[in-house]
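Trainee: Please find the sequence and the predicted model below.
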2 protein chains.
Amino acid sequence: MSRLTGASRRLLRYYEEQGLIVPDRGENGYREYDDRYVDRVNQIRGLLDAGLPTRIIKQILPCLDKPRSIYFPDATPEMLALLAAERDRLTERIDVLIRNRDAMTEYLTEVGQCRALAPGSSHGTPNSPSVVSATS
Amino acid sequence: MSRLTGASRRLLRYYEEQGLIVPDRGENGYREYDDRYVDRVNQIRGLLDAGLPTRIIKQILPCLDKPRSIYFPDATPEMLALLAAERDRLTERIDVLIRNRDAMTEYLTEVGQCRALAPGSSHGTPNSPSVVSATS
DNA sequence: TGGAACCTTCACATAGATGTGATGGTCAAG
DNA sequence: CTTGACCATCACATCTATGTGAAGGTTCCA
């Protein structure tokens, strides 16, 4: 599992400790990770990377689980509200990041050496003046 | 300053300790924050919020300083490369966040109660399937 | 001459995400 | 049976961004 996800064993245990994943145990006590956990762990890491704390992730994760869109049973209004709120917070952060990124790009462009193209994709509005503000 | 930026005094001192800001000192030893520092602190907090560590921020911050675009003197190639690299990393994060955000929105839409509109702006592609992967 | 309201430094505390090591069980191959 | 490669738990360490409080100086207003 560690190899599949890139997360250290320690980290997997930590996620488990935080209730983010609950792997089965074999007779011998060994953890048995269902294949679907690899997606789940990646999602967790994505959200952590997004700045969400495990505590929040634990709450919104059930909503984002993979075999959903079949029947999503236990989605309390509270969870939906929380999810929406987190999404909005996330949107705000994204905006901050985009503005920062664009400021960097702008500077690099001005200086004139703008090689090192983004290897991933390329969302984002390449304008907006210079700086930034934090929200969280 | 603390009031202007929302950062606690302690935090301002911390940023100073990390070399991110270098306020002048009055006769009495009091810190004297130039007005431009309010922008700078906001920028710092934006970058911190972006997940960049102070160590990195310290390096790229001089490039993003405000009275720039006049004459930007000391931009070594190393700093430019670093800045470009950080910008690309940032772009990757942004993509991850956008995908996560869109997954949330998608879920909320499916469930049907998609009120709680984003109060800020509204970047982003409202599609892409579900999940995510971390890069950092 | 107070005293309130600032400021200073120093230092210890905390919380979250992770690393690392000690100690020991399990399993499969030799 | 033993050795190597797994696995388990526990516990302590680390790093970053912060909070908090103590002990004391400064400024200003009454």
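Mentor: Done, it's in. Residues are numbered from 1 along each chain as shown, chains lettered A, B, ... in the order given.
Trainee: nearest spatial neighbour of residue A:87, skipping sequence neighbours?
Mentor: By the measure of Cβ to Cβ, 6 or more residues apart in numbering or on different chains, the closest residue to residue A:87 outside its immediate chain neighbours is residue B:104, 4.2 Å from it. From N, CA and C alone the C-beta is placed, and that goes for glycine too.
Trainee: buried stuff in the helix or strand harbouring that neighbour?
Mentor: Taking DSSP states H and E as the definition, residue B:104 sits inside helix B:77-111. Applying a neighbour-count criterion of 16 or more other Cβ atoms under 10 Å in any protein chain shown, the buried positions in helix B:77-111 are B:80, B:83-84, B:86-108, B:111.
Trainee: same for that helix, what does it pack against?
Mentor: Packed against helix B:77-111 by the contact rule (3 or more Cβ pairs under 8 Å, 6 or more residues apart in numbering or on different chains; DSSP states H and E) you find helix A:36-49, helix A:54-64, helix A:77-111, helix B:54-60.
Trainee: tell me which residues of the second one are tucked away?
Mentor: For helix A:54-64, a neighbour-count test (16+ other Cβ under 10 Å) marks A:54, A:56, A:57, A:58, A:59, A:60, A:61, A:63, A:64 as buried.
Trainee: The fifth one and DNA strand C, how far apart?
Mentor: Counting by Cβ to the nearest atom of the strand, to the nearest Å, the gap from residue A:59 to DNA strand C is 13 Å.
Trainee: Hmm, residue A:79 and that residue touching each other?
Mentor: Yes. Taking contacts as Cβ atoms under 8 Å, residue A:59 lies within contact range of residue A:79: 6.3 Å.
Trainee: What sits closest to the spatially most central residue of chain A if chain neighbours are left out?
Mentor: Central residue check for chain A by Cα atoms, centre = their mean: the C-alpha nearest the mean position is that of residue A:47, 2.0 Å away. In space, and not counting its chain neighbours, residue A:47 is closest to residue A:57: 4.8 Å by Cβ to Cβ, 6+ apart.
Trainee: Contacts only, for the one you found.
Mentor: Shown here is residue A:57, whose contacts under the criterion Cβ atoms under 8 Å, 6 or more residues apart in numbering or on different chains are A:20, A:44, A:47, A:48.
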